[in-house]
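[1] Any chance you can model this:
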Amino acid sequence: MIRMTVAQALVRFLVSQWSERDSSEQRLVAGCLGIFGHGNVAGLGEALLSAGDDLRYYQGRNEQAMVHTAVGYARMSDRLSTLACTTSIGPGATNLVTGAALATVHRLPVLLLPGDVFATRVANPVLQELEDPRSYDVTVNDALRSVSRYWDRINRPEPVGVRSDGRHAGTHRPGRNRCRHPGPAPGRSGRGVRVAGRAVRQAGLARGAAGARAGDPVARRRHRPELLPAADCGRWWRHLLTRDRRAAHVRRGHGHPGGGDPGGQGVAAVRPSAVRWCPRRHWHGSCQRARWADVVIGVGTRYSDFTTASRTLFVEPGVRFVNLNVAAFDAGKLAGVPLVADARSGLTALAAGIDGWSVEPAYRAATARLAHTWDETVSEAYGPGHHPLPAQTEVIGAVNDVAGPRDVVVCAAGSMPGDLHKLWRTRDPKGYHVEYGYSCMGYEIPGGIGVKMAAPDREVFVLVGDGSYLMMPGELVSAIAEGIKLVVVLVDKCRLCLYRVAVPVGGHRRLRHPLPLP
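    Predicted coordinates:
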């Protein structure tokens, strides 16, 4: 018989959890960020103190920022590892809501452990407790229900393993459960979450391959496909395929031009035909390619307004969509052919289904010209030579030149993500980390901390505007306290010239005059 509190049982459970994929194991919850106060200091605080380095504690300065740090860590860890966050019962708990919404939008796993009221309720109402006349079971933590993938209130230690077990597996899937628990790993007490691939169903594969290669009677004339392995959640293209497998997919020679929206810009590092996917009129060749496309193959995309220009971008009559996604909800969008599978098995099967088919040489040449034209535009935007103050494009160019091939750029809100998406030359699948699904101001510095924690061997460049910086500058203290190195580039737009870059649909370069700000 072991006597434990709920917090002790939870910490003991988390310490024993590991994730496994492709025979590679890592900690499922690598540490815990926390700010202690009413409701968690005497419970979880004591449990973390007893755990020591088995579940390392990191001091946070802002509860929302702690979740952003966990999100950056989980994304950089390919969703196989994350951080927990603990807060007090009151303002600390409600401060988690924005970060939880961001994580849920991006289908990224974080574990939130806010304090709650006394189980006995003897002292009610206590400090920071919100009394709800409808029910004594309602607390401020219920505000997290609508922005969380899973929510539970645990009052006793016995069900900790039972309730948490399957839900940890669920953090690795944006759709249905794709994971299974194999039981204790050899030589280790505890359990592992084995992330298993999800194979594509043959019925959907046949329809998807027909649409992709323009082989069925209805789509026989189709010859201008568009591979969209990015869009909002295009990190699946990076995360679930190794670089070698991606390169092999490119070498097959089908010739689908590809691009990347903010979630999957790293695809440009491995696809020579990639053009930055910026669905805005007069930006550059991706807009023209979208208008040409009669088949759109979406990999891991939510097809948001930015991806589709509010569903006005793909205008070719009869355009069809083939949607490869692990979430059936996203795979069925835009009346597309749904291929519910992970990116690795799905792309492999789809490539085999269209083996021997290739895009027409003229279309390859046209997309290559668009890519080359935009590359020249980027070079010109990097060095316009404004004096005495540089344009924002010059700042991006300077950072891009200094950054190494494996370094990571982090950004989130304001005008900077748009310019980065147009201009940043990505050289590594994980080198481009921009949070633009929720566009949350203040994400940059705490998100950069999480990226650096997950990838200490890479330099992390945080590009942040003055408005977003003022949201959470205190997280620089967290970085210093933990000895985490960040390169923060603060762009004060009141001291810069904004330099607008535009290319007409025809593909000819045009640089507009800079717009100096006061």
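[2] use CA for all of it now, contacts and neighbours both
    Will do.
[3] can you give me the mean pLDDT across stretch 449-468?
    Taken as a whole, stretch 449-468 has an average pLDDT of 95.
[4] list the buried ones in that stretch?
    If you call a residue buried by 16 or more other CA atoms under 10 Å, then stretch 449-468 has these buried ones: 449-455, 458-465, 467-468.
[5] same check, this time on stretch 336-349
    Using 16+ other CA under 10 Å as the test for burial, stretch 336-349 gives 336-349.
[6] What is the nearest of the residues you listed to residue 19?
    The closest of the buried residues of stretch 336-349 to residue 19 turns out to be residue 342 (CA to CA; 17.2 Å).
[7] right, and the closest one touches residue 325 too?
    Yes. Contact criterion CA atoms under 8 Å: residue 342 and residue 325 qualify, at 6.3 Å.
[8] Assign a three-state SS to residue 136, would you?
    The three-state label given to residue 136 by DSSP: H, G, I helix; E, B strand; the rest coil is coil.
[9] what pLDDT does residue 283 get?
    Note for residue 283: predicted pLDDT of 49.
[10] And for residue 220?
    42.
[11] again, but for residue 446
    With respect to pLDDT, residue 446 scores 97.
[12] Where does it fall, secondary structure wise?
    Following DSSP states H and E, one finds residue 446 within helix 444-454.
[13] Tell me the helix or strand right after that helix.
    strand 460-465.
[14] Could you report the separation of residue 442 from residue 424?
    21 Å (CA to CA, to the nearest Å).
[15] swap in residue 116?
    Noted for residue 116: a distance of 45 Å to residue 424, by CA to CA.
[16] next one: residue 27
    32 Å.
[17] Go ahead and confirm residue 66 touches residue 445.
    No. Using CA under 8 Å, residue 66 is not in contact with residue 445, being 10.7 Å away.
[18] Next, the buried residues of stretch 125-145.
    Neighbour-count burial for stretch 125-145 [16+ other CA under 10 Å]: 128-130, 139-141, 144.
[19] Do a quick rundown of the helices in the stretch 301-450 of the chain.
    Assigned by DSSP state H, counting those that start in this stretch, the helices in the stretch 301-450 of the chain fall at 305-308, 328-331, 343-353, 361-382, 392-402, 416-423, 444-454.
[20] Of the ones you listed, flag the one that's most buried.
    Of all these, helix 444-454 has the most neighbours on average by mean count of other CA atoms under 10 Å, namely a mean of 28.
[21] what distance separates it from the middle of the whole chain?
    Here helix 444-454 is found 13 Å from its chain centre; the criterion is CA atoms, centre = their mean, to the nearest Å.
[22] Repeat that for stretch 297-307.
    Taking mean C-alpha positions (CA atoms, centre = their mean), stretch 297-307 and its chain are 13 Å apart.
[23] Stretch 62-80 now?
    10 Å.
[24] change the start of the numbering to 760 and stick with it
    Sure, I'll start numbering at 760, so the last one becomes stretch 821-839.
[25] out of the helices of the stretch 1060-1209 of the chain, which comes closest to residue 915?
    helix 1203-1213 (31.6 Å).
[26] CA atoms only for the closest one, dumped as PDB, please.
    The C-alpha coordinates for helix 1203-1213 follow below in PDB (Å, rounded to 0.1, in the frame of the first residue of the first chain):
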ATOM      1  CA  GLU A1203       7.700  35.000 -30.100                       C
ATOM      2  CA  ILE A1204      10.000  35.100 -27.100                       C
ATOM      3  CA  PRO A1205       8.400  32.300 -25.000                       C
ATOM      4  CA  GLY A1206       7.900  30.200 -28.200                       C
ATOM      5  CA  GLY A1207      11.600  30.800 -29.000                       C
ATOM      6  CA  ILE A1208      12.500  29.600 -25.500                       C
ATOM      7  CA  GLY A1209      10.600  26.300 -26.200                       C
ATOM      8  CA  VAL A1210      12.200  25.900 -29.600                       C
ATOM      9  CA  LYS A1211      15.700  26.300 -28.000                       C
ATOM     10  CA  MET A1212      14.900  23.900 -25.200                       C
ATOM     11  CA  ALA A1213      13.900  21.200 -27.700                       C
END
